[in-house]
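[1] Sequence unavailable; structure follows:
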DNA sequence: ATACAGGCTGGAAAGGCTTCCAGATAAGTA
DNA sequence: TACTTATCTGGAAGCCTTTCCAGCCTGTAT
């Protein structure tokens, strides 16, 4: 315990510089010397202290992830991709969970100061201009996943197109009266997925020449309970929708529960389409729009590391595709 | 960017020692001095570098979690508790996911060397003696969750009692022919939850004066697919069981799926009892034995921090209780 | 007026590594 | 043999804090 580079140097009869060069596999060390040092390192079971290393290198070897409600299936899937990529690259992943606006703001403003992580991945949260600038000035590379800011590399799914296709899936089965449960607009931050999905819905409707009926659109939280509340509203309308598109699988689950409790059979009485493609959707046999969640995590790490190795890069907007996975919650309307 | 304690000292016309004392709120600083320094700190937006700090303090402010398949619902729930506790204490949580024995062994042997975390929480993995000793010698405090080692503080659920009660729940409903799907024994490591649960099953059976029928006990992996395989075996027996107790909810899910595909109605044709109490069990209306997962995570952090503050403590075995939550997958056998 | 205790303060040392510069050695050239 | 060049190597400086020790300055007791 506590064996340092000096101990190794003394024991091997060389200078500390040489030991350092061996550790960092610099080529300008004579083979015979290298071997001697290596032998001592092994014998003493020496490991360079990562803290001292970061101290001088200015890199910690850790990547931070700021993620709201990290136990949400969506977050978990993204985290899975991030973890896989960081582990592969010998980096560590530290997760900053946010459940309140206060927490979010604190992390946004504090993290750049304490340089405890080399880079930041922000999931499902779009920083405001001041925050983005702050990241930049502090020299903390950041990439966004499922969120967007013009100054930061952002990974998003084509929400407009995804929602459009989801609606088309329903429309193509003959549905005309389709409920839409959207996610609630995020705090005071600008960009959000919800808006794009709404646009896609409108486009599909317009294309099918169906007039948008406001009472068919309900907004709720991105949760099971939110889905329940929204479905409750939709499924007690005087004129029932024959299908519902929920902006997330988790809201679709809530819808499913309400439908069941109301004695509505899915898909016979009600067709249902989700969004995300979390594992639950498979278990529930829920039709959905699949997002490449883990892949987004992996790409985010790759971008971050690239930025770390090669210095500042122009921000990039990376748009990935969703695809429909048809399961058994959709039926043709006779 | 890059403002150090020296800059502050110069700007405030004091020595670095004084600035340090102000930062660390030592009381031996004259009020007038303190204010002057504080003013400069605010003006320069100075934040002490956490790396330099850990360098000298020997504490990093991070806790590591070694967890197998961290996306498993069980792991996530434990992680949730850990995250909540660490965040509350201003610590960071870094997660080391393990998916192979190699990974596990590497983390076990490497982590104590690189002192990147102040302490370790090991979930669902029981270290062997050499590893436990290694932790000790390296001075890395570790606590185990859902795992056990005599030299380490361990948090477990009363698996014997839990399994016993689960079986009693079934027995009390008149079931006599009960299948048991157990989890597979973990690698070459000694302690495991599976064994205890088996003991509980035996006890309940013995008490009910039922002879143990080996063909009713199947072992599979702790996964959905494992559950499917086991259920497939159990539900194609010549004499079908009227109930099944699965050692985890996730295996119960697999069982549910096989039952459905075989045209067996749950609970009419087959009663089903799970173990864990993950969110999915609620969604599926699955009866189960609830473990206090998040709570285990919180307690683990508390113990670790206590150990960190107050120095070595004798290892403790903390046993928590499970409790039965009755939902709709169990019916009385007529 | 002198001595002394106590409160504050400055700054060197330490913590473990990497990097850079200069020196030493070996090899090559005239 | 004398001189260059290339290859290796040693060790000091530096990264940014905290801590410890010594010194300064008051105010108080004698």
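    Yep, it's here. Treat the numbers as computed from the prediction; the structure is a model and nothing was measured.
[2] ok, and the closest non-adjacent residue to residue A:258?
    residue A:231 (3.9 Å; C-beta to C-beta, 6 or more residues apart in numbering or on different chains). Every C-beta, even on glycine, is put in place using the N, C-alpha and C of the backbone.
[3] Name the residues of stretch A:33-40 that are buried.
    Neighbour counts over stretch A:33-40 (16 or more other C-beta atoms under 10 Å in any protein chain shown) mark A:33, A:34, A:36, A:37, A:40 as buried.
[4] Which of those fall in helices?
    Using DSSP state H, A:33, A:34, A:36, A:37, A:40 are the members of these that sit in helices.
[5] as a whole number, average confidence for stretch A:74-83?
    For stretch A:74-83, mean pLDDT is 97.
[6] again, but for stretch A:58-67
    94.
[7] Could you check how many residues crowd around the closest residue to DNA strand C within the stretch 201-334 of chain A?
    Residue of the stretch 201-334 of chain A nearest DNA strand C, by C-beta to the nearest atom of the strand: residue A:309 (13.8 Å). Applying the criterion other C-beta atoms under 10 Å in any protein chain shown, we find 7 residues in the vicinity of residue A:309.
[8] Determine the set of other helices and strands touching the helix or strand that contains it.
    Using DSSP states H and E, residue A:309 maps to helix A:293-310. Applying 3 or more C-beta pairs under 8 Å, 6 or more residues apart in numbering or on different chains; DSSP states H and E, we find helix A:293-310 packed against helix A:73-88, strand A:119-123, strand A:142-145, strand A:153-157, strand A:317-320.
[9] give me that answer again for 7 Å
    helix A:73-88, strand A:119-123, strand A:142-145, strand A:153-157 (3 or more C-beta pairs under 7 Å, 6 or more residues apart in numbering or on different chains; DSSP states H and E).
[10] now the ones you listed in a markdown table, with distance to residue B:169?
    Converted to a markdown table, the helices and strands packed on helix A:293-310 look like this (distance: least, C-beta to C-beta, whole Å):
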| stretch | distance to residue B:169 |
| --- | --- |
| helix A:73-88 | 29 |
| strand A:119-123 | 40 |
| strand A:142-145 | 43 |
| strand A:153-157 | 44 |
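[11] Next one: residue A:208 from chain B, what distance?
    Using C-beta to the nearest C-beta, to the nearest Å, we find residue A:208 at a distance of 33 Å from chain B.
[12] Could I get the pLDDT score of the residue in the stretch 101-250 of chain A that chain B sits nearest to?
    The nearest approach of the stretch 101-250 of chain A to chain B comes at residue A:113, 4.1 Å away (C-beta to the nearest C-beta). Predicted confidence (pLDDT) for residue A:113: 79.
[13] Which of the three states applies to it?
    Following DSSP: H, G, I helix; E, B strand; the rest coil, the label given to residue A:113 is coil.
[14] do the same with residue A:180
    Per three-state DSSP, residue A:180 ends up strand.
[15] quick check, nearest of the buried residues of stretch A:33-40 to DNA strand D?
    residue A:33 (3.3 Å).
[16] The closest one and residue A:18 touch, don't they?
    Yes: contact criterion C-beta atoms under 7 Å: residue A:33 and residue A:18 qualify, at 6.4 Å.
[17] Quick one: closest of the helices and strands packed on helix A:293-310 to residue B:334.
    Set against residue B:334 and scored by C-beta to C-beta, the helices and strands packed on helix A:293-310 come closest in helix A:73-88, at 39.0 Å.
[18] Now do the helix or strand following that closest one, average pLDDT.
    With elements assigned by DSSP H and E, the helix or strand that comes after helix A:73-88 is strand A:92-98. Mean pLDDT, computed over strand A:92-98, is 96.
[19] Check stretch A:281-290 too.
    Averaged across stretch A:281-290, pLDDT comes to 96.
[20] Quickly find the element holding the residue nearest to residue A:258.
    Going by DSSP H and E, residue A:231 is part of helix A:224-234.
[21] Show me what whichever helix or strand comes after that helix is packed up against.
    Downstream of helix A:224-234, the first helix or strand assigned by DSSP H and E is strand A:243-246. Other helices and strands packing on strand A:243-246, by 3+ C-beta pairs under 7 Å, 6+ apart, are helix A:159-171, strand A:178-183, helix A:249-261, strand A:271-276.
[22] Need the contact partners of the last one.
    Yep, that's strand A:271-276 we're talking about. Applying C-beta atoms under 7 Å, 6 or more residues apart in numbering or on different chains, the external contacts of strand A:271-276 come out as A:74, A:162, A:166, A:169-170, A:173, A:175, A:242-249, A:252, A:255-256, A:266, A:281, A:286-289, A:291, A:329-331.
[23] what's the angle from it to helix A:159-171?
    160 degrees (axes from the mean of the first three to the mean of the last three C-alpha atoms, to 10 degrees).
[24] Strand A:271-276: how far from the chain's middle?
    20 Å (C-alpha atoms, centre = their mean, to the nearest Å).
[25] ok now whatever helix or strand comes next after it, how far from the chain's centre?
    Counting by DSSP H and E, the next helix or strand C-terminal to strand A:271-276 is helix A:279-283. On the basis of C-alpha atoms, centre = their mean, helix A:279-283 sits 18 Å off its chain's mean C-alpha point.
[26] Helix A:279-283: which residues count as buried?
    A:280, A:281, A:283.
[27] Stretch A:109-122 too?
    By 16+ other C-beta under 10 Å, the buried positions in stretch A:109-122 come out as A:111, A:112, A:113, A:114, A:115, A:116, A:117, A:118, A:119, A:120, A:121, A:122.
[28] what's the farthest-apart pair in those residues?
    A:113 and A:121 (18.0 Å).
[29] residues touching residue A:125, list them.
    By C-beta under 7 Å, 6+ apart, the contact list for residue A:125 reads A:66, A:68, A:104, A:147.
[30] before we move on, which element is the first one in?
    Meaning residue A:66. Residue A:66 is part of strand A:62-68 when elements are defined by DSSP H and E.
[31] what comes into contact with that strand?
    By C-beta under 7 Å, 6+ apart, the surrounding residues in contact with strand A:62-68 are A:75, A:79, A:82, A:86, A:91-98, A:107, A:111, A:116-125, A:301, A:304, B:94.
[32] how deep is the closest residue to residue A:112 other than its chain neighbours tucked in, by neighbour count?
    Leaving aside its sequence neighbours, residue A:112 sits nearest to residue A:138 (C-beta to C-beta, 6+ apart; 3.5 Å). Number of residues near residue A:138 (other C-beta under 10 Å) recorded here: 16.
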